[in-house]
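A.B. asks: Structure, please.
(2 chains)
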Amino acid sequence: AQSVTQLDSQVPVFEEAPVELRCNYSSSVSVYLFWYVQYPNQGLQLLLKYLSGSTLVKGINGFEAEFNKSQTSFHLRKPSVHISDTAEYFCAVLPGGYQKVTFGIGTKLQVIP
Amino acid sequence: DTEVTQTPKHLVMGMTNKKSLKCEQHMGHRAMYWYKQKAKKPPELMFVYSYEKLSINESVPSRFSPECPNSSLLNLHLHALQPEDSALYLCASSQGAGNEQFFGPGTRLTVL
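C.D. replies: Numbering: from 1, shown residues only, chains lettered A, B, ... in the order given. Okay, here's the model as predicted:
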């Protein structure tokens, strides 16, 4: 079985400041990792993904994440946030060969003007 | 076309009604999914279709009945729902069942 832990349920940050949203996972097999963003009353949008290869992954809207196998982490970062980044962010893991994605509980990023 | 579309956007129904949610994708994806999402929670998987066959049913009550008429369409038939079934219902698709999923905007369902 696999699990995903998002340690922070809410992260307030001032506009133009950097942010890191933390995600740790556990799995007995190799996994694919994803970050999704959900704006109010909308579906989930894929921000970025790690399948294999380079551990630093760049996504849309200036976000990036780094896969750390030894620490089983996949933290999401952005060097300078904007008001429009206010949303819920979900980390997700998909074990290789499986069909079912496991989501973390989500982190609400609140950007303060 | 890189979108997953869902209709209707909003739905209000009584407990004795029968209604259907629809989902469509034209990306050639062969796996499609239904999720239920309650407020301030992550999506919960309900059903997975792979190559138009039901491959996962997460012990969903029979008042929810999925249907996959073809590789582009996915329906969710609703009957005799309860107020606690009120939620955002999300459809997703992926190239195969082990690939990243693309989500639709969801249907906001309210059961009175």
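A.B. asks: How about the residues of chain B by chain A?
C.D. replies: B:4, B:6, B:31, B:40-43, B:45, B:48, B:50, B:55-56, B:88, B:90, B:92, B:97-98, B:100-106, B:108 (Cβ under 8 Å from any Cβ of the partner chain). Yep, even glycine has a C-beta here, placed from its N, CA and C like the rest.
A.B. asks: Could you list the low-pLDDT ranges of chain A?
C.D. replies: Within chain A, no stretch has pLDDT under 70.
A.B. asks: For it, list the residues in contact with chain B, please.
C.D. replies: Close to chain B, as judged by Cβ under 8 Å from any Cβ, chain A has residues A:32, A:34, A:36, A:41-46, A:49, A:90, A:94, A:96-101, A:103-106.
A.B. asks: Give me the PyMOL select line for these, limited to the buried ones.
C.D. replies: Applying 16 or more other Cβ atoms under 10 Å in any protein chain shown to those, the buried members can be selected in PyMOL as follows:
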select buried, chain A and resi 32+34+36+42+43+44+45+46+49+90+94+98+99+100+101+103+104+105+106
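A.B. asks: re earlier: now the residues of chain B next to chain A: which count as buried?
C.D. replies: B:4, B:6, B:31, B:42-43, B:45, B:48, B:50, B:56, B:88, B:90, B:92, B:97-98, B:100-106, B:108.
A.B. asks: Just the ones of these in strands?
C.D. replies: B:4, B:6, B:31, B:45, B:48, B:50, B:56, B:88, B:90, B:92, B:102-103, B:108 (DSSP state E).
A.B. asks: tell me the least confident of those residues?
C.D. replies: Within these, B:Ile56 has the lowest pLDDT, namely 88.
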